[in-house]
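Engineer: Task: produce atomic coordinates for the following.
(one chain, ligands or ions: 1)
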Amino acid sequence: MPEKRVVPVIGSLADFESKLPGYLNSNAPLALLLDYDGTLVALANNPANTLLTANMRKLLHQLAGHPKVFLALISGRGLRDVQSCLGIQGITYAGNHGLEIESGDGTRHDYALPAELQTRYTTIVKELTEKLENNGAWVEDKKVSLTFHYRHVPADSAEHYRQAAKAIIESHGFRANQAHMAVEAKPPVNWNKGEAALLILKNQFGDDWAKNIKVIFAGDDNTDEDAMRLLQGSGISFRVSTDPNIQTYADFRLASQGVVEDLLTWISITYNQ
Ligand SMILES: O=P(O)(O)OC[C@H]1O[C@H](O[C@H]2O[C@H](CO)[C@@H](O)[C@H](O)[C@H]2O)[C@H](O)[C@@H](O)[C@@H]1O
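Structural biologist: Numbering: from 1, shown residues only. Down below sits the predicted model:
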C-alpha cells in the first residue's frame, strides 16, 4: 500500500525538466488530467467568481487541440458547471468527483446511486439548509454530492459550522471531506476521482494504457489524493500546496497555484518542438 509522505517541491518552469529529465517527449502520447478549483484557477470567495487567466486559457486550448495530448478535467463541481467554467469543447470532463463523466464525443458514464442513497442525500441537503444555511454559510447542491461552504461566516464561528456540517453529513452515513473553507458530502460508494481517472484512461487508451502513454495529474485538494494514490507508478502526479510539510500520494508538490501555469508551459514547449 502506498503511503503519504513529504515530496520534492517544484517552484519554477526550469524545475520540471531538471527534476523529471526526459519524462515527456513529443513522440509519446500524454494524458493530462487536471483538477479545476485551486489548480487551474486560484481559489475565489465564491465558486461563481473563479477566473482562468488569459495565458492559462491559451495553454489549455493549445494542449486540447494537440494530436498527442488528451486532456481531461476531473472536478468536484457538477459536470455542467465545470464544463461551462472551462468552455473547451471535445475534451473529457468529470464532475461531482467523478460520479458523472462525459467524454469529448458525448459518451456518458454516470455512477448510478442506489435510490436509498439518493433519499439520504436529499435529507442531508434539507437538514444542512434548515439548520446551517445562515450567517453566510450555504449549501451547494450538486444533486449527487454537495459542498457546504462556510468561507463567509465570522471567523470565530467557522469551526462550529464545520463540525456541525460534518456531524449532519456523517449521521446519514455519507463521507464528510474537508475542503477549502468547506465540507463536501460524498456518498459512501467505492468511486472517487481516482477510479474516474482510471476509467477515463482505460476508455481512451485501452487496458494497456500504462504501457503506452505518459500520464500527468495535478490537483490541490484531499479528493485529488484518490487520483494521486491510484496513479502512483503509472504516471506523475503533482499536489498544489504552499505547505512544505504536506503529506501526499503525489510525486511532487507544486509550490503554489501559479506553478500550474509553468507545468502547462513545460508540456506545451515539449509537445511543440
Ligand atoms: O475538485 P475541484 O475542481 O477542485 O472542486 C472542489 C470544490 O471547488 C469549489 O469550492 C472551492 O472553490 C471555491 C471557488 O474558488 C471556493 O469559494 C470554495 O471555498 C472552495 O471550497 C466548488 O464550489 C465545490 O463544489 C467543489 O467541490
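Engineer: Which positions in this protein make contact with the ligand?
Structural biologist: Residues of the chain lying near the ligand by C-beta under 6 Å from any ligand atom: 35-38, 43-47, 50, 75-77, 140, 147, 149, 151, 179-182, 184, 221, 223. Glycine gets a C-beta too; all of them are placed from N, C-alpha and C.
Engineer: now those residues: which count as buried?
Structural biologist: Among the residues of the chain next to the ligand, those buried by neighbour count (16 or more other C-beta atoms under 10 Å) are 35-38, 43, 47, 50, 75-77, 140, 147, 149, 151, 179, 181-182, 184, 221, 223.
Engineer: okay, now Gln232: neighbour count?
Structural biologist: Residues near Gln232, counting by other C-beta atoms under 10 Å, number 15.
Engineer: of all of the stretch 1-150 of the chain, which residue lies closest to the ligand?
Structural biologist: Distances between the stretch 1-150 of the chain and the ligand by C-beta to the nearest ligand atom are smallest at Gly76, namely 2.6 Å.
Engineer: Number of residues surrounding the residue lying closest to that residue once chain neighbours are set aside?
Structural biologist: Closest residue in space to Gly76, ignoring its immediate chain neighbours: His97 at 5.1 Å, by C-beta to C-beta, 6 or more residues apart in numbering. By other C-beta under 10 Å, the residues close to His97 number 29.
Engineer: Ala164 now?
Structural biologist: Burial measure for Ala164: 18 neighbouring residues, criterion other C-beta under 10 Å.
Engineer: for Lys131, same thing?
Structural biologist: The local packing of Lys131 (other C-beta under 10 Å) involves 11 other residues.
Engineer: ok, it touching Ala164?
Structural biologist: Yes - counting by C-beta atoms under 8 Å, Lys131 touches Ala164, with 7.2 Å between them.
Engineer: what's the longest helix along the chain packed up against?
Structural biologist: Across the chain, the helix with the greatest residue count (assigned by DSSP state H) is helix 115-132. Under the contact definition 3 or more C-beta pairs under 8 Å, 6 or more residues apart in numbering; DSSP states H and E, helix 115-132 sits against strand 138-141, strand 146-149, helix 158-171, strand 182-186.
Engineer: Between strand 182-186 and that helix, find me the angle.
Structural biologist: With axes from the mean of the first three to the mean of the last three C-alpha atoms, to 10 degrees applied, the angle from helix 115-132 to strand 182-186 works out at 160 degrees.
Engineer: roughly how far out does helix 115-132 sit from the chain middle?
Structural biologist: Distance of helix 115-132 from the chain centroid (C-alpha atoms, centre = their mean, to the nearest Å) equals 24 Å.
Engineer: Need the residues that contact that helix.
Structural biologist: Outside helix 115-132, the residues that touch it by C-beta atoms under 8 Å, 6 or more residues apart in numbering are 113, 139, 141, 144-146, 148, 161, 164-165, 168-169, 172-174, 185, 187-189.
Engineer: ChimeraX command for the buried members of those residues?
Structural biologist: Applying 16+ other C-beta under 10 Å to the contacts of helix 115-132, the buried members can be selected in ChimeraX as follows:
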select :113,139,141,144,145,146,148,161,164,165,168,169,172,174,185,187
